[in-house]
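Asks: only geometry, no sequence info:
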């Protein structure tokens, strides 16, 4: 059995660790998609904010940025190529995922309901300076930047794992009948059934400067009544989505 970071080390260092709580086989499954999120999706942003890392040599020293010329409607009309911007000079930017409510909390949604879209934060003032330079060099009237890619399934699965582990750490495994084990161990893929967003939710009233905010509770009414749920906000000062994860039924 191995130690398990409830909050991933790359986000919160050793803030909450369950000793000898995960077998090596399960850890390999979890690590595969967590590392995709933490290194590929969040890697540049984590380097920009000096988030925890076990190996600083793996940190990127520059940021690849892909520019395109767009028309008045925002449609791409010309590829302007890629450039590498020194990390210290690159605008702060992060890509997450914005989802509708989990299907379990929205019984009226059809099978073909939307699955959401990427959510991006970009320091627009810093980005404008780079975009202006590219426009002057290429003669493009309108320049857009392709910002970060998100693997929706990996990202939402990582949220499910963190929420489940947090509930186990805070309440104990006997406190609820878990729904997420097969999802966490990649034995099922319908992440949107259990993980989504709470629309129009603001960050927690407590200190919003934290890397991550998480809480668990039971909805008093509505389709969520009878479930144990977690609410997670990553980097809340950026106005990022308030995610909700259906954990199971409380005992």
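Replies: Yes, it's here. Predicted model only: the values in this text are computed from it and were never measured. Numbers count the residues shown, from 1 in each chain.
Asks: now do the contacts for residue 159.
Replies: Going by C-beta atoms under 8 Å, 6 or more residues apart in numbering, residue 159 touches 195, 232, 243, 245. Where you see a C-beta, it was placed from the backbone N, CA and C, and this is true even at glycine.
Asks: try it again with 10 Å
Replies: 37, 96-97, 99, 180, 191, 194-196, 214, 230, 232, 234, 243-245 (C-beta atoms under 10 Å, 6 or more residues apart in numbering).
Asks: determine which two of these are furthest apart.
Replies: 96 and 180 (19.6 Å; C-beta to C-beta).
Asks: any stretches of the stretch 1-150 of the chain with poor pLDDT?
Replies: 109-113 (pLDDT under 70).
Asks: secondary structure element holding the closest residue to residue 146 other than its chain neighbours?
Replies: With C-beta to C-beta, 6 or more residues apart in numbering as the criterion, residue 146 has its nearest non-adjacent residue at 4.2 Å, and that residue is residue 66. In the assignment (DSSP states H and E), residue 66 maps to strand 62-70.
Asks: which residues sit against that strand?
Replies: 43-45, 47-48, 75-91, 93, 127, 130-131, 134-135, 137-148.
Asks: what comes up buried for that strand?
Replies: Residues 63, 65, 67, 68, 69 are the ones in strand 62-70 that count as buried (16 or more other C-beta atoms under 10 Å).
Asks: hey, which strand is longest across this protein?
Replies: For the chain, the strand with the greatest residue count under DSSP state E is strand 76-86.
Asks: got a list of what the nearest residue to residue 20 once chain neighbours are set aside touches?
Replies: Excluding the flanking residues, the one nearest residue 20 by C-beta to C-beta, 6+ apart is residue 1, at 4.1 Å. For residue 1, the contact set (C-beta under 10 Å, 6+ apart) comprises 18, 19, 20, 21, 22, 23, 24, 26, 27.
Asks: and the first one, how far is that from residue 224?
Replies: Using C-beta to C-beta, to the nearest Å, one obtains 26 Å as the distance from residue 18 to residue 224.
Asks: and if you look at the fifth one?
Replies: Per C-beta to C-beta, residue 22 is found 28 Å from residue 224.
Asks: for residue 144, what are its contacts?
Replies: Contacts of residue 144 (C-beta under 10 Å, 6+ apart): 66, 67, 68, 69, 70, 74, 75, 76, 80, 131.
Asks: is it fair to say the last one lies in a helix?
Replies: Yes: using DSSP: H, G, I helix; E, B strand; the rest coil, the secondary structure at residue 131 is a helix.
Asks: would you list the phi and psi of the nearest residue to it once chain neighbours are set aside?
Replies: Nearest in space to residue 131, with sequence neighbours left out and distances taken as C-beta to C-beta, 6+ apart, is residue 143 at 4.7 Å. Per-residue torsions, residue 143: phi -120, psi 130 (degrees, to the nearest 10).
Asks: show me what residue 143 bridges to in the sheet.
Replies: When bridges are called by DSSP bridges, residue 143 pairs up with residue 69.
Asks: how about residue 205, secondary structure?
Replies: coil.
Asks: pLDDT score assigned to it?
Replies: Residue 205 is assigned a pLDDT of 70 by the prediction.
Asks: bridge partners for the residue nearest the centre of the chain, pull those for me.
Replies: Taking C-alpha atoms, centre = their mean as the criterion, residue 96 is the residue nearest the geometric centre of the chain, at 4.5 Å. Taking DSSP bridges as the rule, residue 96 bridges to residue 119.
Asks: good, we can wrap up now.
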